[in-house]
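>>> quick one: sequence and predicted model below, then my questions.
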Amino acid sequence: MPPITKRRSLEHYLTAALFGIRSAMSDSPSLPPKKWPELRPGWVWLCGAGPGDPGLLTLHALNALRQADVVVYDALVGTEILEWADDAELIYAGKRGGKPSAKQRDISLHLVELARAGKRVLRLKGGDPFVFGRGGEEAQTLVQHGIPVRIIPGISAGIGGLAYAGIPVTHRDVNQSVTFVTGHDQSGTTPDSLNWDGIARGSQVIVIYMGMKHIDHITQSLIVAGRSPSEPLAFVTSATLEHQQVVESTLGTAVADAKAAGIEPPAIICVGRSVLMRQVLDWQSMEAGIPARNLDPLGRGRPAESA
């Protein structure tokens, strides 16, 4: 991982991002008036950094970054977010599928060591630490070793990333349930515990994390379980970032379409008719001056405000 270069001051980013002011006017920017939590020595805060766009970072996360002595961060946390850590020590923990990473046990125990050394520790994870982020394991390890913790949720890529693609995970005319699934287990294989038949029958929309390695197995399992090969499916990579890529496909053509488009992990995969809503809700294309492709992608035949 290349060293983090602080190209702009924390003051500049806070002032511009939070208050829309082009130039910093004070020596020390402040968060909105509130009694913000204090990150005390010997504590570890487990925090979600969101799906990538720094603007999706929560104010509690920003408050934590400003106070931390040490930030232990995962691969999916961007440098623009780390720049807000001011003078904190930055420790790279890896945790990216298919790439060299520290073992989970070593990461958890290192957090214990840092806290026992009296450091104010921020454990920063992409997305939300409690959504397929192993944050529960790390927090439990800390508590079992007598280390106090605070949990700061983040926006999960399975919700925020799809929103940036113009795909709602729930939509009244499509689904009354949504299932979030991990595409691989601790060993890197498709989880044996997953009941694909139950998932296929039980939820109109399925959101799959870390599923690219086994996309062939996943799509075939869903089709065998009764989902139509023509059912809409979308891949979203680099979700919420400037180089975000969205590929619209179907269950039956997903493997070939992903290969043709050069889709690489990490990616969020969404299965269900809510994917069709991208035809009318692709707001990033609208920002670029491209009109919606289809104002009624579900074929309701009446305005959206109609019951």
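Structure's in. What do you need? What you are looking at is a predicted structure, and each value in this text was computed from that prediction instead of being measured. Residues are numbered from 1 along each chain as shown.
>>> what ranges do the strands span in the stretch 51-200 of the chain?
Under the criterion DSSP state E, counting those that start in this stretch, the stretch 51-200 of the chain contains strands at 70-73, 89-92, 121-125, 149-152, 178-182.
>>> would you tell me which one of those strands is buried the most?
strand 121-125 (a mean of 29; mean count of other CB atoms under 10 Å). C-beta coordinates here come from the backbone N, C-alpha and C atoms, glycine included.
>>> which helices and strands does that one pack with?
Packing contacts for strand 121-125, counted by 3 or more CB pairs under 8 Å, 6 or more residues apart in numbering; DSSP states H and E, involve strand 44-48, helix 59-67, strand 70-73, helix 104-116, helix 135-144.
>>> any idea of the mean pLDDT in that strand?
Across strand 121-125, pLDDT averages out at 98.
>>> likewise for stretch 151-159?
98.
>>> can you offset everything so residue one is 55?
Got it, first residue is 55 now, which makes that one stretch 205-213.
>>> distance of residue 325 from residue 214?
Note on residue 325: its distance to residue 214, by CB to CB, to the nearest Å, is 18 Å.
>>> ok, those two, which is more surrounded?
Comparing residue 325 with residue 214 by other CB atoms under 10 Å, the one with more neighbours is residue 325, at 29 against 22.
>>> OK, contacts around that one?
Contact analysis of residue 325 by CB atoms under 8 Å, 6 or more residues apart in numbering lists 259-262, 276, 281, 285-287, 305.
>>> give me the phi and psi angles of it.
phi -120, psi 130 (degrees, to the nearest 10).
>>> so what's it bridging to?
For residue 325, the beta-bridge partners are residue 260, residue 287 (DSSP bridges).
>>> where in this protein is pLDDT low?
Applying pLDDT under 70 to the chain picks out residues 55-84, 149-155, 239-246.
>>> could you chop it up by domain?
Domain ranges of the chain: 64-82+92-209, 212-341, per automatic domain parsing.
>>> so how far is the last one from its chain's centroid?
What separates the centre of domain 212-341 from the centre of its chain is 14 Å, taken as CA atoms, centre = their mean, to the nearest Å.
>>> doesn't residue 204 make contact with residue 121?
No: using CB atoms under 8 Å, residue 121 is not in contact with residue 204, being 11.4 Å away.
>>> before we move on, the earlier item: tell me which of the helices and strands packed on strand 175-179 sits most buried.
Taking mean count of other CB under 10 Å, strand 98-102 is the most buried of the helices and strands packed on strand 175-179, at a mean of 27.
>>> okay, now the sheet partners of it, with direction.
strand 175-179 (parallel), strand 203-206 (parallel).
>>> no further questions, thank you.
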